[in-house]
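1. Sequence first, then the predicted structure:
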Amino acid sequence: MNDEEKKDTDITIKLLLIGNAYVGKTLIVQKFIDNQFSKSTVSTIGVDLQSKIIDINGKRVKYLIWDTAGEDRMKTMTYSYYRGCHVILVVYDITDRKSFQNVTTWVECIDKFAKSNVLRILVGNKTDLEDKRVISNDEGKMLAQDNGLKYYEISALQLKGLHEMFEDIAKEYVEIYEQKAYKNFQLKKIEDSKKKKKWC
C-alpha cells in the first residue's frame, strides 16, 4: 500500500477465499472488484491478490483479497495467508456435493493456521443454477451453525447477494475494529494515568 492509498483508506480488511477448485472463488472476486469475468479464465494457480475500496458508514474500507487455488496441496501451502488475514470465506458450489462435504476439511485448516478471532464465512455459490442444486439452503445453514460460521448463499455470476455479502462483512469488521480501537484507547488512558501518578 503506497502513501496515497494510506491517506485514502481508514481500515484495511485482509480477506482469504478457500474451497475446492471450480466452486467460483475467482468469479466472486472479479465480479466484486469490477463486475467482469472472462469465460476463458483458467483455474487459479497458487494465490492471486486483488483489492477494492468501498465506503461503509462514512469510512473508506480497503479489501485486500487473496484468491487461492483449490487443489489439496494449497491447503497447507497457504498457511501464511491464513495467519495474516482478518476474514476467511469458505466457498462451495450448491450443485457439487463433494465441494460441500470438503467444507469441514477447509474449516480444519482455519482452526490449524488462522488466528482464533478471524471472521469465518460459509458461502454457497451458484444459486443461478437452482435446477441443478443438490445442497439445500437448510443444509448450508446447518453446516455453518455446526462449525461456527456465518452463512450466505449467492450467485456471483448474476451478482445476487454478492455485494451485499461484502458490505455486511465490512460493516461487521468495522464495528469490531472500532470497538477494539476504543478499548485500546481506554487502556492507554489508564496506563498514562498510572504513569503520571507514579512520577508525582
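-> Sure thing, it's come through. Residues are numbered from 1 along each chain as shown.

2. use CA for all of it now, contacts and neighbours both
-> Noted.

3. Relative to residue 166, how far out is residue 112?
-> 25 Å (Cα to Cα, to the nearest Å).

4. where do the strands sit along the chain?
-> 11-18, 47-56, 59-68, 87-93, 119-125, 150-153 (DSSP state E).

5. Could you spell out the sheet neighbours of the shortest one, each with its direction?
-> Strand 150-153 sits in its sheet next to strand 119-125 (parallel), going by DSSP bridges.

6. and the angle from the strand it pairs with to strand 11-18?
-> 50 degrees (axes from the mean of the first three to the mean of the last three Cα atoms, to 10 degrees).

7. Could you check how far strand 119-125 is from the centre of its chain?
-> 8 Å (Cα atoms, centre = their mean, to the nearest Å).

8. heads up, I number from 42, so please use that
-> Sure, I'll start counting at 42 from here, so that last one is strand 160-166.

9. which residues are in contact with that strand?
-> In this structure, residues lying in contact with strand 160-166 by Cα atoms under 8 Å, 6 or more residues apart in numbering are 64-65, 127-135, 181, 185, 189-197.

10. Let me know which of the strands of the chain is the nearest to residue 148.
-> strand 128-134 (7.7 Å; Cα to Cα).

11. Pull the residues that contact that closest one.
-> Contacts for strand 128-134 (Cα under 8 Å, 6+ apart): 54-61, 64-66, 123, 140-141, 144, 147-148, 159-167.

12. how about that strand as CSV, C-alpha atoms only?
-> Output of strand 128-134 as CSV, limited to C-alpha atoms (Å, rounded to 0.1, in the frame of the first residue of the first chain):
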residue,chain,number,x,y,z
VAL,A,128,-11.7,-12.7,7.2
ILE,A,129,-11.9,-16.1,5.6
LEU,A,130,-14.6,-17.2,3.1
VAL,A,131,-15.1,-20.9,2.7
VAL,A,132,-16.8,-21.3,-0.7
TYR,A,133,-18.7,-24.3,-2.0
ASP,A,134,-20.8,-25.0,-5.1
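
13. Name every strand pairing with it and say which way it goes.
-> strand 52-59 (parallel), strand 160-166 (parallel).

14. Highest mean neighbour count out of those?
-> strand 160-166 (a mean of 24; mean count of other Cα atoms under 10 Å).

15. which ones are touching residue 188?
-> Residue 188 touches 145, 148, counting by Cα under 8 Å, 6+ apart.

16. For it, grab phi and psi.
-> phi -110, psi 10 (degrees, to the nearest 10).

17. Show the end-to-end separation of stretch 189-208, please.
-> 20 Å.

18. Let me know the average pLDDT across it.
-> Computed over stretch 189-208, the mean pLDDT rounds to 97.

19. what ranges of the chain fall below the confidence cut-off?
-> Low-confidence segments of the chain (pLDDT under 70): 42-48, 77-87, 110-119, 221-241.

20. Quick check: chain neighbours aside, which residue is closest to residue 58?
-> residue 130 (4.8 Å; Cα to Cα, 6 or more residues apart in numbering).

21. Would you mind measuring from that neighbour to residue 211?
-> Relative to residue 211, and taking Cα to Cα, residue 130 is found at 13 Å.
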